[in-house]
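Asker: Quick one, what's the 3D model for this:
(2 chains)
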Amino acid sequence: MLFNSYQFIFLFLPVALAGYFASDRLGNVAPVLWLALASLGFYSVSGWQFVPLLLGSIAFNYAVGWLMISSRLHPAPRFAILAFGVAGDLAVLGYFKYAGFLAANLNAIFSTGFAVNVLLPVGISFYTFTQIAFLVDAYRGKVARYALPHYALFVTYFPHLIAGPILHHRDMIPQFERAEAKRPDPHLILCGLIIFAIGLFKKTCLADGIQPLVSLAFGPNAPTFDQAWLGALAYTFQLYFDFSGYSDMAIGISLMFGIFLPLNFNSPYKATSIVDFWRRWHMTLSQFLRDYLYIPLGGNRHGAVLRYVNLMVTMVLGGLWHGAAWTFVVWGALHGGYLCVNHAWNRFGPAVAPRFERAADIAAFVVTFIAVVIAWVFFRADSMTTALYVLSKMADPGNVAFGRLEIAQAIFILIYAGIAWFAPNTQTIMGYDHANRTVGRGLRAWQMRPLFIYATAAVLAFGILGIQQHSEFIYFRF
Amino acid sequence: MNSPAKYLPRFLCAGALIIALAVMVNFVVDPLQLFRPARLFAAMYSQDSRMQDAGLIRSQQFDTVFMGTSLAIHYRQSDIDRHLGVRSLKLALSGSNSKEQKFVLEAALERHPRRILWQMDDWIFRDAPDVDADIYVPVDLYRRNARGIAGYLFSGSMARESLWIALRSIPPLQSLVARLTTGVIFKFPVANVDDINALHPRFDVAGFYNAKSTLAAFRRITDPVRSRYLAQGYDYDAMIRHFERDAVGLIEKNPDVQFDIYFPPYSILQFVAMRDASPPTLKIAYDFSAYAAPRLLHFPNVRLYDFREAKEITHDLGNYADVIHHSPAIDLKVLSMLAEGKYRLDRPSPTASLDRLKAQVEAYRVEELR
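Answerer: The predicted model follows:
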């Protein structure tokens, strides 16, 4: 089910909220069970045939985690259990996500004619990573015992289940255990609605609005230099508003249930370096890769060379996590390379004189943005051939169309750039503080100025009016 | 009452009010003319035929429907009317398949036209998703069901068009708004129904339709790297199945409607390309014609024309932009040939024209072009 659908907004969400708050009278666990069941219902609309797989994954990981938490085992068997659990998760993920890719590559090399067609279960990347983190923390002794309903809700929680953010058990389960979260709080509901409205607007009006321009670069017609750039920039902003909109909606929906989700975006296109970009883009994935891949690999503890190797490995695997295709591998490798250059520059590059700091920041911002746009070409293209073709057009200024149409399209893209670069982000507007579990403090002090309320109501209305019948989120495919 | 509890209903009511206003604007302006022909505001049309046709079917007066693919998209209704003495409605859809065409024609047949003018070729009968799975066809708008009407009225982009159309009706703003309507942001840039998808008078016809372009396209599709695309979707049994369901089924269900069906004048190079680069595809094309022509002529309400053998058109490569798409001059020529009954197939010898086409294809020498 899509957040940007009438069924979700006018049927599923009100029923889920009403049931959640109403079941509070039946005890502390009833709302948790209700929400877990609602989440399964939500999931089954997107892929009912994968519900048993999701339930199996929950049962498997809970059992493996329980073994590590409850038993007083020696380190070796504990590690063996962890390895078994993680290997099980990766095997399932690998089968569903990478078997076809592997077979296609073996075919290309050995001409075996062996074909594998496996349907990708919706959200499998997200719920697998979530649970791997749980197992690793259980092994490290950082997990207290959790009740099964709370654990099941942590994995299935519908605001995040299909496209993130990647949740952490230590952050979420204690919130599910809190009794206060199960009573309706008008302030949280209103703030949640406003955040949801902003996210919905980003998705239906901004991301879907610019989507047709993407075909300028990636469509059937050969693009000119300017059309290739316009198409690549259109995708750059489409992806941003699509994913950022989803993340806002997830946070907003969750807030109505009294649960604070972690931030996933912090105006990434305002970044002045690639390191900065990855602190702002898909923040929960970056944190996961850092804590459960980069640091276990050794991080920066074994010298500069190994640090760069670890960075490359982490980013290539991060790329592969997004999809089983060489284009994602190259995208990840490209960002790995960018990060290496960034760290090397920080270490060996010249210091900037204070009077040039502003200019240096602007240059760094421009270089970072262009590097990101170039990498998105690989992310978007359906094959390496297409990606290289589009890039070749972007590097050929001799072939320019720049007619009335292209000027109108360029103005359109500039408006999007203006919003992404200069507008405050949702968390700033709403004063969303995930760590301190507060939101809308400024608004409270401001006594909910009517103008703000009506303006955000208009944003909600435009978001709903912008709903189209066929408009999936890009991250649904990952 | 504390602030949030007070502001929550206000927030929801304000949102609902704005949505209601948008619905009202859409209903009053009715950009697609789905509820009524344009009266309050001057009519505007979109170039997106799949969406626009749903409105045209409801709002236009017609006795003849013109259906086809991109080979029929540039025709002008006024030319059809002038040549054939009818009041026509052009519903041609670029890249359309027989399922889509049948679906749209069925909606148009509810208005009881007397005649269907149908540009038909083997290509439209290739395998394609059902219209309900095709995201480009707004099926519910054609069906006029609650979902379609709600989707239309609750559409923000339609409200934007509605406001723009309303603005364009204010005399002092008319020319300014018209100049700003480029089709990029506002999707209803056409003021005259006759201009929908017709080529602009300033369009460089000679620069687009010429022998150089045709030959370049021929070389492209016969290049061994790409020639497999010639065969894409060509499966004789499936094509016959689709033909029976979509074409024959529709004709059988409407015995009172006159069907004027024509096979369009591809350039000879289309068949020569198949002959040289994909002979099995050519065989399927021939076999399909050999099946379809007698089958269509079996119905008394069908007149069938085969312009593929019109040598004076198909062998002049200057008439084409690629190997199949012909120039607007040929559109007019086709209309006059339809009016004259030229290249009309005789019921006793339905495959005679196919035999002549085969001989032409056989005899054509590509070397002369090099």
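Asker: Need the per-residue pLDDT for the nearest residue to A:Phe42 once chain neighbours are set aside.
Answerer: For A:Phe42, ignoring the flanking residues on the chain, the nearest one in space by Cβ to Cβ, 6 or more residues apart in numbering or on different chains is A:Phe158 at 4.1 Å. In this view, the C-beta of every residue, glycine as well, is placed from N, C-alpha and C. We have a pLDDT of 92 for A:Phe158.
Asker: Repeat that for the one 3 residues further on.
Answerer: Model confidence at A:Leu161, given as pLDDT, is 85.
Asker: repeat for A:Phe478
Answerer: 58.
Asker: The host helix or strand of A:Ile453 - contacts with which helices or strands?
Answerer: Taking DSSP states H and E as the definition, A:Ile453 sits inside helix A:450-465. Other helices and strands packing on helix A:450-465, by 3 or more Cβ pairs under 8 Å, 6 or more residues apart in numbering or on different chains; DSSP states H and E, are helix A:186-201, helix B:3-29, helix B:156-168.
Asker: residues contacting residue 333?
Answerer: Going with chain A. Applying Cβ atoms under 8 Å, 6 or more residues apart in numbering or on different chains, we find A:Ala333 in contact with A:Met312, A:Met315, A:Val316, A:Gly319.
Asker: that answer is for a different chain, and I need it for chain B
Answerer: Applying Cβ under 8 Å, 6+ apart, the residues near B:Lys333 are B:Ile313.
Asker: now swap in A:Val390 and tell me
Answerer: A:Ala217, A:Phe218, A:Pro223, A:Ala228, A:Gly231, A:Ala232, A:Val377, A:Ala381.
Asker: just to revisit the earlier point, just name the most buried of the helices and strands packed on helix A:450-465.
Answerer: helix A:186-201 (a mean of 24; mean count of other Cβ atoms under 10 Å in any protein chain shown).
Asker: list the buried ones in the helix holding A:Ile453?
Answerer: Residues of helix A:450-465 classed as buried by neighbour count (16 or more other Cβ atoms under 10 Å in any protein chain shown): A:Ile453, A:Tyr454, A:Thr456, A:Ala457, A:Ala458, A:Val459, A:Leu460, A:Ala461, A:Phe462, A:Gly463, A:Ile464, A:Leu465.
Asker: Kindly report the same for stretch B:214-226.
Answerer: B:Thr214, B:Leu215, B:Ala217, B:Phe218, B:Ile221, B:Thr222.
Asker: Identify the residue spatially nearest to the last one, adjacent ones excluded.
Answerer: Nearest residue to B:Thr222, sequence neighbours excluded (Cβ to Cβ, 6+ apart): B:Ala277, at 4.4 Å.
Asker: Next, give phi and psi for the one you found.
Answerer: In terms of degrees, to the nearest 10, the main-chain angles of B:Ala277 are phi -110, psi -20.
Asker: Tell me if I'm right that it and B:Ile221 touch.
Answerer: Yes: with contact defined as Cβ atoms under 8 Å, B:Ala277 counts as touching B:Ile221 (7.2 Å).
Asker: Low-confidence ranges, the chain, go.
Answerer: I'll assume chain A. Along chain A, the model assigns pLDDT under 70 to residues A:444-448, A:470-473, A:475-478.
Asker: not quite, I wanted chain B
Answerer: B:1-3, B:182-185, B:225, B:227, B:368-370.
Asker: how about the nearest residue to the residue in chain B that chain A sits nearest to, chain neighbours excluded?
Answerer: With Cβ to the nearest Cβ, the shortest gap between chain B and chain A falls at B:Gly156, namely 3.0 Å. Ranked by Cβ to Cβ, 6+ apart and with sequence neighbours excluded, the top spatial neighbour of B:Gly156 is A:Leu465, at 3.0 Å.
Asker: mind listing what that neighbour touches?
Answerer: A:Thr204, B:Ile19, B:Ala22, B:Phe154, B:Ser155, B:Gly156, B:Ala159.
Asker: Now with 10 Å, please.
Answerer: Going by Cβ atoms under 10 Å, 6 or more residues apart in numbering or on different chains, A:Leu465 touches A:201, A:204-205, B:18-19, B:22-23, B:26, B:153-160.
Asker: So B:Pro129: helix, strand or coil?
Answerer: Put simply, B:Pro129 is coil when judged by DSSP: H, G, I helix; E, B strand; the rest coil.
Asker: what's around the residue lying closest to it once chain neighbours are set aside, how many residues?
Answerer: Closest residue to B:Pro129 apart from its sequence neighbours, by Cβ to Cβ, 6+ apart: B:Lys99 at 8.0 Å. By other Cβ atoms under 10 Å in any protein chain shown, the residues close to B:Lys99 number 22.
Asker: Can you list the buried residues in the helix or strand harbouring B:Lys99?
Answerer: In this structure, B:Lys99 sits in helix B:98-109 according to DSSP H and E. Buried residues in helix B:98-109, counted by 16+ other Cβ under 10 Å: B:Ser98, B:Lys99, B:Glu100, B:Gln101, B:Lys102, B:Phe103, B:Val104, B:Leu105, B:Ala107, B:Ala108, B:Leu109.
Asker: near chain A, which residues of the stretch 51-200 of chain B?
Answerer: Neighbours of chain A within the stretch 51-200 of chain B, by Cβ under 10 Å from any Cβ of the partner chain: B:135-136, B:138-140, B:147-148, B:150-151, B:153-160, B:180, B:182-185.
Asker: Of these, just the buried ones, PyMOL syntax please.
Answerer: Selection of the buried residues among those in PyMOL, burial being defined by 16+ other Cβ under 10 Å:
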select buried, chain B and resi 138+139+140+148+151+153+154+155+156+157+158+159+160+180+184+185
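Asker: And for residue 170, the neighbour number?
Answerer: If you meant another chain, say so; for now it's chain A. 13.
Asker: Please refer instead to chain B.
Answerer: Per other Cβ under 10 Å, the neighbour tally for B:Ile170 reads 11.
Asker: top helix in chain A by residue count?
Answerer: In chain A, assigned by DSSP state H, the helix with the most residues is helix A:75-110.
Asker: chain center to that one, what's the gap?
Answerer: Relative to its chain's centre, helix A:75-110 lies at 23 Å (Cα atoms, centre = their mean, to the nearest Å).
Asker: so what secondary structure elements neighbour it?
Answerer: The helices and strands touching helix A:75-110, judged by 3 or more Cβ pairs under 10 Å, 6 or more residues apart in numbering or on different chains; DSSP states H and E, are helix A:51-70, helix A:124-139, helix A:304-322, helix A:326-348.
Asker: how about the strands in chain B?
Answerer: Along chain B, counting by DSSP state E, strands occupy B:64-67, B:88-90, B:115-119, B:258-263, B:302-306.
Asker: Just the angle for the longest one relative to helix B:98-109, thanks.
Answerer: Taking axes from the mean of the first three to the mean of the last three Cα atoms, to 10 degrees, one finds that strand B:258-263 is oriented at 150 degrees with respect to helix B:98-109.
Asker: and what of the third one?
Answerer: Angle between the axes of strand B:115-119 and helix B:98-109 is 160 degrees (criterion: the same axes, to 10 degrees).
Asker: Show me what strand B:115-119 is packed up against.
Answerer: Other helices and strands packing on strand B:115-119, by 3+ Cβ pairs under 10 Å, 6+ apart, are strand B:64-67, helix B:77-84, strand B:88-90, helix B:98-109, helix B:249-253, strand B:258-263, strand B:302-306, helix B:328-340.
Asker: who touches the third one?
Answerer: For strand B:88-90, the surrounding residues in contact (Cβ under 10 Å, 6+ apart) are B:49, B:53, B:56-57, B:59-68, B:72-82, B:108, B:111, B:113, B:115, B:117, B:193-194, B:196-198.
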